[in-house]
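**Q** Just the structure for this:
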Amino acid sequence: MPDPHSLYLVAFVVLVALVFDFINGFHDAANSVATIVSTRVLSPRAAVAWAAFFNFAALLIFKVHVATTIGKGIVDPAIMNVAVIFSGLMGAIIWDLLTWWWGLPTSSSHALVGGFVGAAVAKAGFGALITSGLIKICTFILIAPLLGLLLGFILMSLINIIFVNFSPSRVDQHFRRLQLVSASLYSLGHGGNDAQKTMGIIAILLFSTGHLGTKFYVPVWVIISCHLAIALGTMFGGWRIVKTMGMKITKLQPVGGFAAETSAAITLFLATFGGIPVSTTHTITGAIMGVGTTRRLSAVRWGIVNSILLAWILTIPASALVAALFYYMTRVFG
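**A** Now for the predicted structure:
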């Protein structure tokens, strides 16, 4: 039986974490490109390249507050070991792949949280959970999409008022250019928040196995690796979810795409600077719905929204269950 603290085993779990980060980018590529593809501002290939670049560039803007929250604010670091971290990652990866296959834009962030909750409870019971951190994350399950929806509604309403005397073709011309800006801002917010979740996992793995010394921090190589992995995942794109996000929820024009992306970007920037790991998927979905409701409530296909909401509700318990099962299978390595 290999030593669970051996460098080789730790390196393997780091690789699994980067695979999750890649899948996160792959799964959430729809968040970054769905609006700009559905409005035909960029081709799919150009859109994912654009999003991937700004997902990576986010490392130059954001500090690692979210990574610290994930690493130390959800599960007691004292119970963390290779088996718990590996099982949590597997719970998140499997749920992400299943929902990608079903074409549902669920949250990779909450799948990761659920995975670690399930693995930690399987090892040490509910006392291993940090209640305050989980309450903050669960609160923002509601706040992030609602804030995205509200900002999307307000921004789209203001644009309608300001450009009321402009011809549709002129509005379209202006916002096709502006949507490049809003898409880049959203991708910066996505990379800044989501890449940090994997950073937190790798950092707590290194810390719990003695490879960081006595002080928890996020090494520079971890920051660069995580941004690179999520950018590469974005390049491959989860096209099943692009269709749901960009075309099924509501019909978007460039002006609507700009309003949705800008509203979601504002929400993500605020959350990331505050160290709050939110769902980029929930945020952009809420913003798209907010834009759609400015036309009329029936402009949003609420049947599709109901399916998405059900997947959101199931994400944490489903990934927690998968992670707990993995922990029971792998605890011999813990």
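
**Q** Compute the number of surrounding residues for residue 14.
**A** Using other Cβ atoms under 10 Å, residue 14 has 19 other residues around it. C-betas here are computed from N, CA, C, even on glycine.

**Q** residues contacting it?
**A** Neighbouring residues of residue 14 by Cβ atoms under 8 Å, 6 or more residues apart in numbering: 202, 205-206.

**Q** same deal with residue 11?
**A** By Cβ under 8 Å, 6+ apart, residue 11 has no neighbours at all.

**Q** Show me what the biggest helix by length in the chain is packed up against.
**A** Criterion DSSP state H: the longest helix present in the chain is helix 168-208. Counting contacts by 3 or more Cβ pairs under 8 Å, 6 or more residues apart in numbering; DSSP states H and E, helix 168-208 is packed against helix 7-38, helix 44-57, helix 65-72, helix 82-102, helix 108-124, helix 220-236, helix 254-273, helix 280-293.

**Q** Any chance of CSV for these, columns mean pLDDT and distance to residue 184?
**A** Output for these, formatted as CSV (pLDDT from 0 to 100; distance: least, Cβ to Cβ, whole Å):
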stretch, mean pLDDT, distance to residue 184
helix 7-38, 82, 9
helix 44-57, 86, 5
helix 65-72, 87, 20
helix 82-102, 87, 24
helix 108-124, 90, 21
helix 220-236, 92, 13
helix 254-273, 90, 9
helix 280-293, 82, 14
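
**Q** So which of these is nearest residue 144?
**A** Nearest to residue 144 among the helices and strands packed on helix 168-208 is helix 280-293 (4.7 Å), distances taken as Cβ to Cβ.

**Q** Taking helix 254-273 as reference, get the angle to that closest one.
**A** Angle of helix 280-293 versus helix 254-273, following axes from the mean of the first three to the mean of the last three Cα atoms, to 10 degrees, is 140 degrees.

**Q** how about helix 280-293 as PDB, C-alpha atoms only?
**A** As requested, the backbone C-alpha atoms of helix 280-293 are provided in PDB (Å, rounded to 0.1, in the frame of the first residue of the first chain):
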ATOM      1  CA  THR A 280     -20.800  31.600 -12.500                       C
ATOM      2  CA  THR A 281     -23.500  29.400 -14.100                       C
ATOM      3  CA  HIS A 282     -26.200  30.600 -11.800                       C
ATOM      4  CA  THR A 283     -25.100  34.200 -12.300                       C
ATOM      5  CA  ILE A 284     -25.200  34.300 -16.100                       C
ATOM      6  CA  THR A 285     -28.500  32.300 -16.200                       C
ATOM      7  CA  GLY A 286     -30.100  34.800 -13.900                       C
ATOM      8  CA  ALA A 287     -28.800  37.700 -16.000                       C
ATOM      9  CA  ILE A 288     -30.200  36.100 -19.200                       C
ATOM     10  CA  MET A 289     -33.600  35.700 -17.500                       C
ATOM     11  CA  GLY A 290     -33.500  39.300 -16.300                       C
ATOM     12  CA  VAL A 291     -32.800  40.500 -19.900                       C
ATOM     13  CA  GLY A 292     -35.600  38.300 -21.200                       C
ATOM     14  CA  THR A 293     -38.200  39.600 -18.800                       C
END
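
**Q** ok, now which ones touch residue 124?
**A** Going by Cβ under 8 Å, 6+ apart, residue 124 touches 76, 79.

**Q** what's the distance between it and residue 320?
**A** 14 Å (Cβ to Cβ, to the nearest Å).
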